[in-house]
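In: Below is the sequence, then the predicted model.
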Amino acid sequence: MSTGQTLFTIFAFAVLTTVLLRFYENNAIAHDDMTRNRDRIMATSVAKSYLELSQSLEFDQSSMFSDTTIRTPAAMTPPELLGKDTLDGTGIDDFDDLNGFEGEEVMSDSSAIYNVSCRVYYVDPERVDRPSAVQTFVKRLDVRVWRADGGAPKDFPVDTIALFTTSAYFRPTKGLVRPPAPPPPPPPVTSPTYVSRPPIPRVSPPRPPRPRPRPVPKPVTYDS
């Protein structure tokens, strides 16, 4: 093999190696992008499930056991006591029970682990982005979710999904105003029912007795 052929072969191997390295590098980048997108979707689903759970809860522990409308926000739980009460046991029954909650969710299809962190606080009713140091009739829940196991892409910061929702307290003071009930429907029209009865025997009135015929007198004859 001549020197030119050897150099050409070495150059061809170098080009092929460069192409293969770039190909696998692009595949790795695409795989990492798909993994990050999948993690974002799953983390968003986990965060939304917690937001939906919070909307089904009572606004506050005080409003849960109150039969009347609470007129002042001062009757609500103080800001420093927001969180799960000892009386709640193992359940979560009002909105601020999620304050300080930290847990993890394991995906059954991929075994991925996502950490969940929740925070609940009072906000200004007119600006829900402003925390309030006193009780108000509006609470905000911030949920943060991120992947915590070793399956996340390397050399990239872990994406954290942050969502929020609000809950407001309202009770009607004079009862619910409902439209008048519609009139009841008319009774169904049914055909009359006839009951067959035995025929009534006809009783003829007694006939008066026939008069007896009067005797016809015999003619009288006179002899001359």
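Out: Nice, thanks for sending it over. Numbers count the residues shown, from 1 in each chain.
In: can you give me the strands for the protein?
Out: Taking DSSP state E, the strands of the chain run over residues 102-106, 113-124, 127-131, 138-147, 160-168.
In: Switch those over to a markdown table; also include distance to R22.
Out: From N, CA and C alone the C-beta is placed, and that goes for glycine too. Listed next are those as a markdown table, based on distance: least, CB to CB, whole Å:
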| stretch | distance to R22 |
| --- | --- |
| strand 102-106 | 37 |
| strand 113-124 | 33 |
| strand 127-131 | 46 |
| strand 138-147 | 29 |
| strand 160-168 | 32 |
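In: Deepest-packed of the ones you listed, please.
Out: Mean neighbour count (mean count of other CB atoms under 10 Å) peaks for strand 138-147 among the strands of the chain, with a mean of 22.
In: quick one, it and strand 102-106 angle?
Out: If you take axes from the mean of the first three to the mean of the last three CA atoms, to 10 degrees, strand 138-147 sits at 50 degrees to strand 102-106.
In: now for strand 138-147, which elements pack on it?
Out: Using 3 or more CB pairs under 8 Å, 6 or more residues apart in numbering; DSSP states H and E, the elements in contact with strand 138-147 are helix 3-55, strand 113-124, strand 127-131, strand 160-168.
In: Mind exporting the C-alpha coordinates of that strand to CSV?
Out: The C-alpha coordinates for strand 138-147 follow below in CSV (Å, rounded to 0.1, in the frame of the first residue of the first chain):
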residue,chain,number,x,y,z
VAL,A,138,-58.1,34.4,50.9
LYS,A,139,-55.4,31.8,51.2
ARG,A,140,-52.8,30.7,48.6
LEU,A,141,-51.2,27.3,48.1
ASP,A,142,-47.8,27.1,46.4
VAL,A,143,-46.8,23.6,45.2
ARG,A,144,-43.3,22.8,44.0
VAL,A,145,-42.5,19.4,42.4
TRP,A,146,-39.1,18.1,41.1
ARG,A,147,-37.5,14.8,40.3
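In: okay, the angle between it and strand 160-168?
Out: For strand 138-147 against strand 160-168, the angle by the same axes, to 10 degrees is 160 degrees.
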